[in-house]
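Student: no sequence on this one, just coordinates:
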């Protein structure tokens, strides 16, 4: 029986490690999903807890998986595991019935499951959980109780810290379809002959003689308008068709024109500053973006786009208060949250290819890259003095000319050097080394027992 318990621990441990890790690298994604749950269950006032709760649950799952494999504090861990899985199995059953949120988010964006798939997955796992729970008294416990709890606490602290690092920057591993190197247009293509969504339409007609209402399908609805009067119709999705990985990329100007095709076809550089909600954004990053917006004056191979889902009246108020000096385009909030996990975040495109992506804490001000750029931008954007204005009005010269910088020559090397990649590598190495050190220490704390 002990080998069956060992197998159960290994299976559950691997599942929990995978589930915890994919959420730890994307804490904002977990927070967004928890926010959806709160609003679905009329608990919107708890939204402020979404981020800390998301970080805690992800770290808890990862550490629980590791502890299951290591075999620490088995009786207590199996009891906690039982309560944890019972709660979420019941929750996923409720979600499967009422479907308030289409994707449970149990594996983040790495593996999308429907609510029914999640429930059946949990039911399978509950078999192993119940076996461990009812056999917990048969387990041999180590005498190194304090040492094991110290290791568990250390693992939890490290997992939480790593999740906070991913929140501070952007996810170390990007499971969404907007990763660096993605050709957006290719991810929007729907293959010829791909399955389409299938709907079941119900038509309700009232019998004029009896006054009773009856339901019909599109195939058998009554054609006799003298006998039947149409009342209502309802369409229900019964089979999901193919959906392109990127299906909602759109950037609208003030006239409601979608600029997506223009941006994706641009052979020059496009820098998008993305803020799904300006009121919740890092205002200092919005002000840093001012220099980049003014760079359009000097670089003819560069275009700046500020994109938000914030209503226009609020945009004008915040823009005026911060003296931003650049306009905003509109886009869907969910799409913006998907593109970059930062508020604001920055996306660099060329020929529709994502060349770089940064959180606001990793994106440099223009003067940090080259002070000369900042000076040129300042001169180009400075108000025209009275003497120059008189000369222009007199026709001495029609316009000012400025030295044009070649954006293509400087940007890739400088931005990639100061981007998040170096930090991501350092954090990855530190995380892996720390985990290895802790795991190596465990052999001195408590030898593994089957």
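Tutor: The structure has been received and is ready for your questions. Here the structure is a predicted model, which is why all the values come from computation and not from measurement.

Student: all contacts plus neighbour counts: C-alpha atoms, from now on.
Tutor: Will do.

Student: Could you chop the chain up by domain?
Tutor: Annotated domains of the chain cover 2-168+427-445, 198-239, 260-418 [automatic domain parsing].

Student: what kind of secondary structure is the residue nearest to residue 78 when sequence neighbours are not counted in?
Tutor: In space, residue 78 comes closest to residue 133 once its chain neighbours are excluded; the distance is 5.4 Å by CA to CA, 6 or more residues apart in numbering. Classification of residue 133 using DSSP: H, G, I helix; E, B strand; the rest coil returns helix.

Student: separation between residue 133 and residue 6?
Tutor: Residue 133 sits 13 Å away from residue 6, going by CA to CA, to the nearest Å.

Student: sorry, back to before: any idea which of the domains of the chain gets closest to residue 249?
Tutor: domain 260-418 (6.7 Å; CA to CA).

Student: mean confidence for that closest one?
Tutor: Domain 260-418 shows an average pLDDT of 81 in the prediction.

Student: for stretch 90-106, same thing?
Tutor: Stretch 90-106 carries an average pLDDT of 84.

Student: And it, what's buried?
Tutor: Of the residues in stretch 90-106, 92-93, 95-96, 99-101, 103-106 count as buried by neighbour count, 16 or more other CA atoms under 10 Å.

Student: do the same with stretch 309-320
Tutor: Under 16+ other CA under 10 Å, the buried positions of stretch 309-320 are 309-310, 315, 319.

Student: contacting residues for residue 134?
Tutor: For residue 134, the contact set (CA atoms under 8 Å, 6 or more residues apart in numbering) is empty.

Student: now it: how far from residue 250?
Tutor: Going from residue 134 to residue 250 by CA to CA gives 54 Å.

Student: Which of the buried residues of stretch 90-106 sits closest to residue 348?
Tutor: residue 105 (28.1 Å).

Student: which secondary structure element contains the spatially closest residue to that closest one that is not a sequence neighbour?
Tutor: Once flanking residues are discounted, residue 105 sits nearest to residue 33: 6.5 Å by CA to CA, 6+ apart. Counting by DSSP states H and E, the element that carries residue 33 is helix 27-40.

Student: Pull the residues that contact that helix.
Tutor: For helix 27-40, contacts defined as CA under 8 Å, 6+ apart pick out 23, 44-47, 50-55, 100-101, 104-105, 108, 163-164, 166-167, 341.

Student: Can you flag the buried ones in the residues you listed?
Tutor: 23, 47, 50-51, 53-55, 100-101, 104-105, 108, 163-164, 166-167, 341.

Student: Now do the helix or strand that residue 16 is a member of: which elements does it pack against?
Tutor: In the assignment (DSSP H and E), residue 16 maps to helix 2-24. Helices and strands touching helix 2-24, by 3 or more CA pairs under 8 Å, 6 or more residues apart in numbering; DSSP states H and E, are helix 50-70, helix 115-134, helix 145-168.

Student: In it, which residues are buried?
Tutor: Under 16+ other CA under 10 Å, the buried positions of helix 2-24 are 5-6, 8-24.

Student: the inter-axis angle of it versus helix 27-40?
Tutor: 90 degrees (axes from the mean of the first three to the mean of the last three CA atoms, to 10 degrees).

Student: got the contact list for helix 2-24?
Tutor: Helix 2-24 is touched from outside by 29-30, 55, 57-69, 106-110, 125, 128-129, 131-132, 159-160, 162-163, 166, 450, with contacts defined as CA under 8 Å, 6+ apart.

Student: now it and helix 50-70, what's the angle there?
Tutor: 150 degrees.

Student: Go ahead and confirm residue 360 touches residue 347.
Tutor: No. Using CA atoms under 8 Å, residue 360 is not in contact with residue 347, being 10.7 Å away.

Student: Counting neighbours, go ahead and name the busier of the two.
Tutor: More crowded of residue 360 and residue 347, by other CA atoms under 10 Å: residue 360, with 26 against 20.

Student: which ones are touching the closest residue to that one other than its chain neighbours?
Tutor: Spatially, and ignoring its direct neighbours in sequence, residue 360 is nearest to residue 345 (5.4 Å; CA to CA, 6+ apart). Listed by CA under 8 Å, 6+ apart, the contact set of residue 345 reads 273-275, 357-360.

Student: for the helix or strand harbouring residue 78, packing partners?
Tutor: Using DSSP H and E, residue 78 maps to helix 74-98. The helices and strands touching helix 74-98, judged by 3+ CA pairs under 8 Å, 6+ apart, are helix 50-70, helix 115-134.

Student: can I get these in CSV with mean pLDDT and distance to residue 196?
Tutor: Shown next, in CSV, are the helices and strands packed on helix 74-98 (pLDDT from 0 to 100; distance: least, CA to CA, whole Å):
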stretch, mean pLDDT, distance to residue 196
helix 50-70, 92, 35
helix 115-134, 91, 21
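
Student: Let me know which of the ones you listed is tucked in deepest.
Tutor: helix 50-70 (a mean of 23; mean count of other CA atoms under 10 Å).

Student: packing partners for the biggest strand by length in the chain?
Tutor: Secondary structure of the chain per DSSP state E: the longest strand is strand 228-239. Contacts defined by 3+ CA pairs under 8 Å, 6+ apart place strand 228-239 against strand 198-207.

Student: Does the strand it packs on pack against any helices or strands, and if so which?
Tutor: Applying 3+ CA pairs under 8 Å, 6+ apart, we find strand 198-207 packed against strand 213-216, strand 228-239.

Student: In TSV, list these along with mean pLDDT.
Tutor: Formatted as TSV, the helices and strands packed on strand 198-207 follow (pLDDT from 0 to 100):
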stretch	mean pLDDT
strand 213-216	90
strand 228-239	85
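
Student: Provide a list of residues in contact with residue 231.
Tutor: 203-206.

Student: Most neighbours among the residues you listed, please name it.
Tutor: Highest count within the contacts of residue 231 by other CA under 10 Å belongs to residue 205, 22 neighbours.

Student: and the gap between the nearest residue to that residue once chain neighbours are set aside and residue 222?
Tutor: Excluding the flanking residues, the one nearest residue 205 by CA to CA, 6+ apart is residue 230, at 4.5 Å. Going from residue 230 to residue 222 by CA to CA gives 9 Å.

Student: wait, doesn't the residue nearest to residue 78 sit right on residue 80?
Tutor: No. In this structure, residue 133 is not within contact of residue 80 by CA under 8 Å, at 9.3 Å.

Student: Quick check, pLDDT for residue 22.
Tutor: Predicted confidence (pLDDT) at residue 22: the value is 92.

Student: hmm, back to that, between the contacts of residue 231, which is nearest residue 287?
Tutor: residue 203 (54.3 Å).
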